[in-house]
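# sequence and predicted structure are below.
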Amino acid sequence: MTSSIFNYRWENGRRYHAYRDGEYWCPNDEGASEQLDLGHHIYLMLLDNRLFLAPINRNPQRVLDIGTGTGIWAIDFADQFPSAQVIGTDLSPMQPLYVPPNLQFEIDDAAADWTFPKESFDFIHVRGLFGSLRDWPAFYQQVLAHLKPGGWYEQLECSCYCHADDDTTPPGSPLARWGQLFTEAGKRSGKTLDVIDHQYQWIQEAGFEHVREHRFKMPDGPWPSARTEEGKKLKEIGKWRVLEMDAGVEGWAMALFTRVLGMSYEEVQVYLAQVRRDWRDKSVHSYTRVSVVYGRKPYV
């Protein structure tokens, strides 16, 4: 690993990756790591303690986790499947040094040509890659080319909008503006953040078969009623979600809003204070849509 990988960019008090500088919008510092690990815990709760939903082979031999971040998903998968060789790739070397012996991390850009052997993976996994790629159809063709026949691909993405089934996120409110700002930043940068609305169709069009989608509502706060078991689970998710958003909101917004939308550091901080206030308000019934899509590479 060359030293240039560690020549990080520091901007507005946050640290960003050096490899392919500017290609990804989130920081890679301790605050970002905390948010990613909290998010992993939340997704496990949302998926009833499952790391994935695809009906993969019970004995996968080679598995690839793209955009692995802190590597927490790959670590859990490697522990769960000790006979599998697991590879996690990311632009940032933000993974721990001590990991299961069947796991390795590599610094790589998923948008570039892949150097792995073709048809070499049983399962390829992606979580939260929105805003990272300019050419999603080309990415899916790379996934397809590197899966073994019969191998599975799974992708989890979130909406960048704060939804509500009542009128508690009215037009013009800080939470209503949240998704609008991210959508506009995605348009200007050429890297859409609305992947959740397209991934099912894109994965189908790429040539995968048996494509399925599972949709979830992830509360942005502890507002759900705990009268039912499902309500208790959602309320607990909402409590953890507040912690995740406190850790992550500045990192999610700062680079996109300043670099792409031209907002000042001070403008971003004032706006984020309003967003945090509404997320903590139990009278605001905001949630984030989550979609898990998986599909299989045909045998022929």
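Sure, I can see it. Because the structure is predicted, anything quoted here is derived from the model rather than measured.

# pull the longest helix from the chain.
Scanning the chain for the longest helix, with DSSP state H as the assignment, gives helix 229-255.

# what helices or strands is it leaning on?
Here helix 229-255 touches strand 14-16, helix 30-46, strand 209-219, helix 265-280, going by 3 or more C-beta pairs under 8 Å, 6 or more residues apart in numbering; DSSP states H and E. (Each C-beta comes from the backbone N, C-alpha and C, glycine too.)

# among these, where is the model least confident on average?
Mean pLDDT is lowest for strand 14-16 among the helices and strands packed on helix 229-255, at a mean of 74.

# mind checking the SS state of the closest residue to A54 other than its chain neighbours?
Distances taken as C-beta to C-beta, 6 or more residues apart in numbering place Y294 nearest to A54, at 3.8 Å, with adjacent residues excluded. Classification of Y294 by DSSP: H, G, I helix; E, B strand; the rest coil places it in strand.

# then the one 4 residues further on?
With three-state DSSP as the basis, the three-state label of P298 is coil.

# wait, what's in contact with it?
By C-beta atoms under 8 Å, 6 or more residues apart in numbering, the contact list for P298 reads P149, G207, F208, E209.

# what's the neighbour count on the last one?
Neighbouring residues of E209 were enumerated by other C-beta atoms under 10 Å; the total is 11.

# ok, what's across the strand from it?
Bridge pairing for E209 (DSSP bridges) gives the partners R296.

# how close does it sit to G69?
Counting by C-beta to C-beta, to the nearest Å, the separation of E209 from G69 is 29 Å.

# ok, now the second one?
According to C-beta to C-beta, G207 stands 28 Å off from G69.

# mind showing which ranges of the stretch 51-200 of the chain have poor pLDDT?
For the stretch 51-200 of the chain, applying pLDDT under 70 flags no range at all.

# oh, I was asking about the stretch 201-300 of the chain
In the stretch 201-300 of the chain, no residues with pLDDT under 70.

# shouldn't R14 be in contact with A253?
No. If you go by C-beta atoms under 8 Å, R14 and A253 don't touch, sitting 10.5 Å apart.

# between the two, who's got more neighbours?
Taking other C-beta under 10 Å, R14 and A253 do not tie; A253 has more neighbours (23 against 18).

# thinking the more buried one is in contact with V270, fair?
No. Under the criterion of C-beta under 8 Å, A253 makes no contact with V270, lying 11.7 Å away.

# can you give me the distance of the residue nearest to L234 when sequence neighbours are not counted to M263?
Counting by C-beta to C-beta, 6+ apart, L234 lies nearest to P224, which is 4.1 Å off, once chain neighbours are set aside. Applying C-beta to C-beta, the value for P224 to M263 is 32 Å.

# from V195, how far off is the residue nearest the centre of the chain?
When C-alpha atoms, centre = their mean is applied to the chain, the residue found nearest the centroid is G128 (1.4 Å). Distance, G128 to V195, using C-beta to C-beta: 9 Å.

# anything in contact with each of these two?
E157.

# mind listing the strands for the stretch 101-250 of the chain?
103-107, 121-127, 147-158, 209-219 (DSSP state E, counting those that start in this stretch).

# buried deepest among those, which one?
Of all the strands of the stretch 101-250 of the chain, strand 121-127 has the most neighbours on average by mean count of other C-beta atoms under 10 Å, namely a mean of 24.

# thinking again about what came up before, neighbour count: G207 and G69, which is higher?
Looking at G207 and G69 with other C-beta under 10 Å, you find the greater number of neighbours at G69, namely 25 against 12.
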